[in-house]
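J.: Structure here, sequence nowhere to be found:
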């Protein structure tokens, strides 16, 4: 571990700010993902730990599925061969095309099992693409096909769905955009925004949160705009890293991570906005990450505190109630009826508990750092950072299947009856998978 840390410090000084690079550990070649300095979350995990975990994962893959491991090696060689380009192959060596909606490249998609960790017979989709090929006529848009909706490196951090469109933020370019769900031309709704992050859409209005600018990100904001574009309206300003935004019944809820200067102050907040009037519901939250809502309460995962807390939507006197604690970096939260689902990122679990508190049930165990979680119908979907997967299971857990491999780092997830949508923070991909 000490050796890896020393090498990490040595390499960081010479690396570009946002490029992926490879590291050899023993006989395993591991891709290391580096985040742009200005976009790094303050809870960025130790690089050496990530490399070690990835190496352990790949050794397990090799033991379970040599063919899948060989496929990963083929992909790495293609990446080296094409520079920034990324290639994809089927296990049988064929190329599988999907719809590219950007007009700059033809995209290819891998259909194959790859990791060896899938517990379902249905094959996952690998959203790796080969860049900069000549433009060709795209196939007709088809809801039964996998669709590449966006493929430039803009660091998409948020996704939101309306009936017809996917709305997304680009932190690197400072833009808020939308694209038809089945593919088509991208429309830019707003530009020049300081690191737009999470996004929500309801009743003809798009809302997003902004981290603000470095070094301390003290000028974040919550901004709205009509779904068709126009002049952005700032709902709240001088915020400290807006971590999440959620619409429900005409009310907009959002989180501030808190103050980071020379140290962290554990002063995050939960806010509510109704018709532009902002109310602080709960204060002194220890790095809040995500919000979920039911008809009466808001539920928040506190990353640093390792707890799940709740506050009534009508107010809780500024003090959130702790429902459960003792977790290792809880992150995503979702509510369905009387049940609250959440991911424990470093703990590697997906769990469920009553919204009123009480006994918890462990639904899935993962070594992949589970993050975002979405419930839809009788299924739950979640992302995994280390294994770079989007997974699906029933609401009671048990056997799960990997619906997609992500090229580099999953950053957002959205699901409705029209498909499963995910964003890849580092490669800039936004992909739709048929249900």
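T.: Thanks, I have the structure now. In this text, all values refer to a predicted model and were calculated from it rather than measured experimentally.

J.: Show me where the stretch 101-250 of the chain dips below the pLDDT cut-off.
T.: 101-144 (pLDDT under 70).

J.: What segments of it are strands?
T.: Using DSSP state E, counting those that start in this stretch, the strands of the stretch 101-250 of the chain run over residues 108-111, 125-126, 147-151, 156-161, 165-170, 175-180, 187-190, 196-202, 205-210, 220-226, 233-239, 242-248.

J.: Start from the N-terminal end of the stretch 201-350 of the chain and give the helices.
T.: With DSSP state H, counting those that start in this stretch, there are no helices along the stretch 201-350 of the chain.

J.: The strands of the stretch 101-250 of the chain into a markdown table, with extra columns for distance to residue 256?
T.: In short, each C-beta sits where N, CA and C put it, glycine included. Below are the strands of the stretch 101-250 of the chain laid out as a markdown table (distance: least, Cβ to Cβ, whole Å):
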| stretch | distance to residue 256 |
| --- | --- |
| strand 108-111 | 38 |
| strand 125-126 | 36 |
| strand 147-151 | 28 |
| strand 156-161 | 16 |
| strand 165-170 | 17 |
| strand 175-180 | 20 |
| strand 187-190 | 21 |
| strand 196-202 | 12 |
| strand 205-210 | 9 |
| strand 220-226 | 7 |
| strand 233-239 | 5 |
| strand 242-248 | 6 |
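
J.: Residue 368: which of those is closest?
T.: Nearest to residue 368 among those is strand 125-126; the distance by Cβ to Cβ comes to 15.3 Å.

J.: rewinding a little: among the strands of the stretch 101-250 of the chain, which is nearest residue 422?
T.: Comparing the strands of the stretch 101-250 of the chain by Cβ to Cβ, strand 156-161 comes nearest, at 7.5 Å.

J.: Nearest to residue 319 among the strands of the stretch 101-250 of the chain would be which one?
T.: strand 242-248 (19.3 Å).

J.: Which strands and helices lie in contact with the closest one?
T.: Counting contacts by 3 or more Cβ pairs under 8 Å, 6 or more residues apart in numbering; DSSP states H and E, strand 242-248 packs against strand 196-202, strand 205-210, strand 220-226, strand 251-256, strand 288-293.

J.: Parallel or antiparallel, list what pairs with that strand.
T.: strand 251-256 (antiparallel) (DSSP bridges).

J.: Residue 398: which element?
T.: Counting by DSSP states H and E, there is no helix or strand that carries residue 398.

J.: For it, which residues are in contact?
T.: residue 363 (Cβ atoms under 8 Å, 6 or more residues apart in numbering).

J.: Distance of it relative to residue 277?
T.: 45 Å (Cβ to Cβ, to the nearest Å).

J.: So for residue 409, which of the strands of the stretch 101-250 of the chain sits nearest?
T.: Of all the strands of the stretch 101-250 of the chain, strand 156-161 comes closest under Cβ to Cβ, at 10.7 Å.

J.: Now do that closest one and strand 205-210, the angle between them.
T.: 160 degrees (axes from the mean of the first three to the mean of the last three Cα atoms, to 10 degrees).

J.: count of residues packed around residue 198?
T.: 25 (other Cβ atoms under 10 Å).

J.: The residue lying closest to it once chain neighbours are set aside: neighbour count?
T.: Distances taken as Cβ to Cβ, 6 or more residues apart in numbering put residue 158 closest to residue 198, at 4.3 Å, once the chain neighbours are dropped. When counting by other Cβ under 10 Å, one arrives at 23 neighbours for residue 158.

J.: show me the residues around residue 158 that make contact.
T.: Residue 158 touches 168-169, 196-199, 208, 412, 423, counting by Cβ under 8 Å, 6+ apart.

J.: do you know how far it is from residue 357?
T.: Residue 158 is 29 Å from residue 357, where distance means Cβ to Cβ.

J.: now do residue 271
T.: Distance of residue 271 to residue 357, given as Cβ to Cβ: 24 Å.

J.: just residue 151 next, same as before
T.: 44 Å.

J.: From the neighbour counts alone, determine which of those two ranks first.
T.: Shown here are residue 151 and residue 357; by other Cβ under 10 Å, residue 151 has more neighbours (23 against 14).

J.: my guess is that one meets residue 429, correct?
T.: Yes. Between residue 151 and residue 429 there is a contact at 5.5 Å, judged by Cβ atoms under 8 Å.

J.: if we can go back for a sec, so which of the helices and strands packed on strand 242-248 is the most packed in?
T.: Among those, strand 205-210 has the highest mean neighbour count (mean count of other Cβ atoms under 10 Å), at a mean of 26.

J.: strands paired with that one, and their directions?
T.: Paired neighbours of strand 205-210 in the sheet (DSSP bridges): strand 196-202 (antiparallel), strand 220-226 (antiparallel).

J.: mind checking pLDDT for the closest residue in space to residue 385 that isn't next to it in sequence?
T.: Spatial nearest neighbour of residue 385, excluding adjacent residues (Cβ to Cβ, 6+ apart): residue 369 at 3.9 Å. Model confidence at residue 369, expressed as pLDDT, equals 92.

J.: Please report the distance of residue 369 from residue 415.
T.: With the distance defined as Cβ to Cβ, residue 369 ends up 20 Å from residue 415.

J.: Return the residues in contact with residue 255.
T.: With Cβ under 8 Å, 6+ apart, residue 255 has these contacts: 209, 242-245, 268-271, 285, 288-291, 300.

J.: before we move on, what about residue 159?
T.: Residues near residue 159 by Cβ under 8 Å, 6+ apart: 166-168, 199, 412-414, 421-423, 430.

J.: okay, now residue 215: neighbour count?
T.: Residue 215 has 9 neighbours, counted by other Cβ under 10 Å.

J.: and if you look at residue 409?
T.: 19.

J.: looking at it, it is touching residue 426, isn't it?
T.: Yes. Using Cβ under 8 Å, residue 409 is in contact with residue 426, at 4.8 Å.
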